[in-house]
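S.K.: One predicted model, sequence on top.
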There are 2 protein chains.
Amino acid sequence: MSRERLYIYDTTLRDGQQTQGVQFSTAEKHQIAQALDELGVDYIEGGWPGANPTDSEFFEDKPKLKARFTAFGMTKRAGRSAENDEVLAGVMNAGTSSVCLVGKAHDFHVETALGITLAENTENVARSIEHIVKAGREALFDAEHFFDGYKANPDYALEAIHAAYNAGARWVVLCDTNGGTLPQEVGDIVRAVIASGIPGDHVAIHTHNDTENAVAGSLAAVDAGARQIQGTLNGLGERCGNANLTTLIATLLLKEPYASQFDIGITREALTGLVKASRLLDDILNRVPHRQAAYVGASAFAHKSGLHASAILKDPSTYEHIDPASVGNARIIPMSNQAGQSNLRRRLADAGIAVEAGNPALARILEVIKAREAEGYTYDSAQASFELLARRELGELPAFFEVKRYKVTVERRKNKYNKMVSLSEAVVVVKVDGEKKLSVSESLDETGSDRGPVNALAKALAKDLGRYSEVLADMRLVDFKVRITQGGTEAVTRVIIDSEDGEGRRWSTVGVSANIVDASFDALLDAINWKILHCGAA
Amino acid sequence: MSRERLYIYDTTLRDGQQTQGVQFSTAEKHQIAQALDELGVDYIEGGWPGANPTDSEFFEDKPKLKARFTAFGMTKRAGRSAENDEVLAGVMNAGTSSVCLVGKAHDFHVETALGITLAENTENVARSIEHIVKAGREALFDAEHFFDGYKANPDYALEAIHAAYNAGARWVVLCDTNGGTLPQEVGDIVRAVIASGIPGDHVAIHTHNDTENAVAGSLAAVDAGARQIQGTLNGLGERCGNANLTTLIATLLLKEPYASQFDIGITREALTGLVKASRLLDDILNRVPHRQAAYVGASAFAHKSGLHASAILKDPSTYEHIDPASVGNARIIPMSNQAGQSNLRRRLADAGIAVEAGNPALARILEVIKAREAEGYTYDSAQASFELLARRELGELPAFFEVKRYKVTVERRKNKYNKMVSLSEAVVVVKVDGEKKLSVSESLDETGSDRGPVNALAKALAKDLGRYSEVLADMRLVDFKVRITQGGTEAVTRVIIDSEDGEGRRWSTVGVSANIVDASFDALLDAINWKILHCGAA
């Protein structure tokens, strides 16, 4: 069977931005576009030029891409020509090789929302698409509410998309705008569209996840003959989100019948960057990555049941439907059972620590991890603290310095202008190379704003560590996550700190205590020890 | 068309507990079982009696349920009779009316994992099911790896389930254990099972979400004739989770063709408790509810696009596939546009504040909310702070007391036994009824453990507020959530505090600052003001 081409169209930067609380900066749009391009999607929709300043700015400074960079807009309004519609002109002026215009295909929306006749709407669709084609661009027609429209008035829904197709649209995009159409119905309606005369390789599918079926609906459309899938990274999007391209890309490349049937622009090699691309978006959104996400979640290949874990070690296919490495993910086997030791050795090797099988330190390390996890620590997301813990048990971690005590004061009071102001001050006493050192720092940044007690502590702790001070100079705290968790029988605070240095290293450490400042201090200590270990253990 | 009965089988307490990091206490199992029973699921699987102390304890103190309470276990081992298998005896001794036993249906697993012949395995399945039926219990056979087994050796997979069915199993559960089977294939194989002679009303489907298709796979099985669906609340479960019953229940009751075709044990009235049941599980797990979850997510009916929002106000069906109230959810329309005022009035009414349309305070409140949200505040999950803000703008919030200043000290040092100990101390100065009051508290709890600076502050703040002290006596801080977010151009800390009082009131307040102690203090202040407003504004 000859392989067919299936196209991937990403709309993270446009429909994805409809998510509550999401607003990308121009720089972030560039970052995401580059990541999508590295992955190898066919189309990257950048936004709606003219609709808001960020979108306009992004199109003025277009990213350099292998993918087709696409501008989104809407079909011309009634009562003026396509040439004289200034909203459409804004879109065309962005100068992209592909242009996607949304228009109505549901009679109810045409008549009530737009308040025009069905014939006028058809005319608007046809003339707008013609306008794009005449300008030598590739045209896509985004048929809003297509599935609901088809159910209400199939003749008119088909009339609208045929108008676009006949006017030269390269793709007719069937949108399930409200997300309520179930997969079976999506398949049936796509088949009807193709039977009506629009070839499947001109039909695109655009679903939403309101019934948790956006991925299944996209696959049902492909089964029915559609040859372009639209979606977003991590399923970002308004309400419950769009079809999740992260999941769809992996499924199309790894699962049958799709893997044998289709070529997509994404290679198996690029697929190993899937987890990285998914995490990049979460980082930009400052979101906690969804642990249970298909393929890319941190738990996607975590085998908790002891039975499963031991079978996995004999043959991974017993409880895994794909090889986690194919998407850049990794298997997690809880370390508290027999399967744990070999898993631990692999994690140690990842951290650059070679330990031979049978070394009694392995059992000790597992014991410590188990005890600490019972106290509320987690090492899955604090690799640097894991490394320090292991090296300590292996006798490979020198005591660079010793903290004798610290004290932090947080104060809020009215200043002389009767305005409430706050200030924190930290004193840290350490012993380095036999010498006692007192450091004090306050929490104000360059602009005079109070950054709080953890900031003051971090500065005081790093301020004077004798011969280690120099390697700490380029280190900075880039993220700080706090949650309340269970530690033994009581609630404790878990702090995870991400640090970065001038050479682009980034590492995560964890601290746990009922006292949030104490937990932060522990995580800071680990962060500093890790940095000294890697860059300055002279 | 006569309506058919479709059964819902919940395994949150068993398969759900296979999730990384999830371990329910016996009390929590009771809480979840009651919530499921109120919803109206047909079966509640409680765990594996004998497998671990919590499961055993739960079965000793069985919940009183309308649902069939079910014990899970495994088929007898080879080389002994069902009567003499002590693992099976442990399950039977739990005395439940229904018993579900997992067994192999995949030749590869029989021969390599169990190391027995296919005939021996079939015998184990048949004798185990017979044993349950003879004891007068309802038997379910959970066919592990059924779909992969069917693809590898259809004859043997069918032999295994027919052995169970012929031995009297009420249900044969087809499990997609590794979660890799796509919906189309699930449907095809379920049809083949029914064609082989097991009636659809004896066939159950059990899927996992490894390709984000667990819900679609369950629906495909129902389309093919299966009449029992197994899954978990919120899709909890190992790796990427089980089929999400929260989504499936709503789909079966609200969406066609299911709504017309089936009766399920859950009423439309009980369905309005769906959001509540979903949040209860998140509360128990101390998880942040997934905002974009289908039907129940906080964003599931959030309309960010201005175009959508104004259409929604004219006719909700324009951009909503179901009525949010039918699942106990609510529409969210961003308050920063024209649609905002009527939405705000609804939220105010929810908080017991009646404001007539056109009151200029509405625009002012929207302005303040918009400005505060830009600083990093969120009012979606801090209803009490929202209420205080609105009452302040409406001139309905008296100044009960004034905070003049506070100071907190956090100290860690070695004690006389050379052990590191920490202690926090807070001083708060307030003015109540013209009188200045200084209070000091430290962070140690009854057991002498340090609970940190926020605890010390909370105690000092509530310690002496004059005539308000009495109403604050029964108030306690029950949850504390922290995250780093964007406030204007810089990162700030957002603290959300949940408080509770002796009369069962629970309220949430928010504070934002670059300084975590300051943010906590703001949230504490709101919490205390709300309590005084509602219980003691004498």
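M.R.: That came through fine.
S.K.: only C-alpha atoms for contact and neighbour calcs from this point on.
M.R.: Fine.
S.K.: By mean pLDDT, which helix or strand of chain A comes out lowest?
M.R.: helix A:306-314 (a mean of 71; mean pLDDT, DSSP states H and E).
S.K.: Would you check that A:Gly511 makes contact with A:Val517?
M.R.: No - A:Gly511 is not in contact with A:Val517 according to Cα atoms under 8 Å; the separation is 9.7 Å.
S.K.: Flag every buried residue along the helix or strand where A:His30 lies.
M.R.: Element membership of A:His30 [criterion: DSSP states H and E] is helix A:26-39. In terms of neighbour count (16 or more other Cα atoms under 10 Å in any protein chain shown), helix A:26-39 has its buried residues at A:26, A:28-39.
S.K.: Can you lay out these as JSON lines showing pLDDT and distance to chain B?
M.R.: Below are the buried residues of helix A:26-39 laid out as JSON lines (pLDDT from 0 to 100; distance: Cα to the nearest Cα, whole Å):
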{"residue": "A:Thr26", "pLDDT": "87", "distance to chain B": "15"}
{"residue": "A:Glu28", "pLDDT": "89", "distance to chain B": "14"}
{"residue": "A:Lys29", "pLDDT": "94", "distance to chain B": "17"}
{"residue": "A:His30", "pLDDT": "95", "distance to chain B": "19"}
{"residue": "A:Gln31", "pLDDT": "94", "distance to chain B": "19"}
{"residue": "A:Ile32", "pLDDT": "97", "distance to chain B": "19"}
{"residue": "A:Ala33", "pLDDT": "98", "distance to chain B": "22"}
{"residue": "A:Gln34", "pLDDT": "97", "distance to chain B": "24"}
{"residue": "A:Ala35", "pLDDT": "97", "distance to chain B": "22"}
{"residue": "A:Leu36", "pLDDT": "98", "distance to chain B": "21"}
{"residue": "A:Asp37", "pLDDT": "98", "distance to chain B": "23"}
{"residue": "A:Glu38", "pLDDT": "97", "distance to chain B": "23"}
{"residue": "A:Leu39", "pLDDT": "97", "distance to chain B": "19"}
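S.K.: just to revisit the earlier point, next SSE downstream of the least confident helix or strand of chain A?
M.R.: helix A:340-350.
S.K.: just how off-centre is that next one within its chain?
M.R.: 27 Å (Cα atoms, centre = their mean, to the nearest Å).
S.K.: cool, and stretch A:237-244?
M.R.: Taking mean C-alpha positions (Cα atoms, centre = their mean), stretch A:237-244 and its chain are 13 Å apart.
S.K.: what do you get for stretch A:164-173?
M.R.: 32 Å.
S.K.: Quick check: closest non-adjacent residue to A:Arg372.
M.R.: A:Thr378 (7.8 Å; Cα to Cα, 6 or more residues apart in numbering or on different chains).
S.K.: mind checking the SS state of that neighbour?
M.R.: The assignment at A:Thr378 comes out as coil when based on DSSP: H, G, I helix; E, B strand; the rest coil.
S.K.: Am I right that it is in contact with A:Val512?
M.R.: No - counting by Cα under 8 Å, A:Thr378 stays clear of A:Val512, with 9.2 Å between them.
S.K.: who's more crowded, the two?
M.R.: Set A:Thr378 next to A:Val512 and count neighbours by other Cα atoms under 10 Å in any protein chain shown: A:Val512 wins out with 29 against 23.
S.K.: Tell me the helices and strands packed up against the host helix or strand of that one.
M.R.: For A:Val512, the element it lies in under DSSP H and E is strand A:506-513. If you count contacts as 3 or more Cα pairs under 8 Å, 6 or more residues apart in numbering or on different chains; DSSP states H and E, strand A:506-513 packs onto helix A:383-393, strand A:490-500, helix A:516-535.
S.K.: That one to strand A:490-500, inter-axis angle?
M.R.: 160 degrees (axes from the mean of the first three to the mean of the last three Cα atoms, to 10 degrees).
S.K.: So, low pLDDT: which residues of chain A?
M.R.: A:1, A:21, A:286, A:305-307, A:309-310, A:334-340, A:486-490, A:537-538 (pLDDT under 70).
S.K.: the domain parsing of it - what is it?
M.R.: Domain ranges of chain A: A:70-262, A:306-393, A:402-535, per automatic domain parsing.
S.K.: Would you mind giving those as JSON lines with distance to B:Leu285 added?
M.R.: Listed next are the domains of chain A as JSON lines, based on distance: least, Cα to Cα, whole Å:
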{"stretch": "domain A:70-262", "distance to B:Leu285": "22"}
{"stretch": "domain A:306-393", "distance to B:Leu285": "14"}
{"stretch": "domain A:402-535", "distance to B:Leu285": "10"}
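S.K.: just those: most buried one?
M.R.: Per-stretch averages of neighbours, counted by mean count of other Cα atoms under 10 Å in any protein chain shown, single out domain A:70-262 among these, with a mean of 22.
S.K.: what about it and chain B, touching?
M.R.: Yes - under the criterion of Cα under 8 Å from any Cα of the partner chain, chain B is reached by domain A:70-262 at A:109, A:113, A:177-180, A:183, A:209-213, A:215-216, A:238-241, A:247, A:251.
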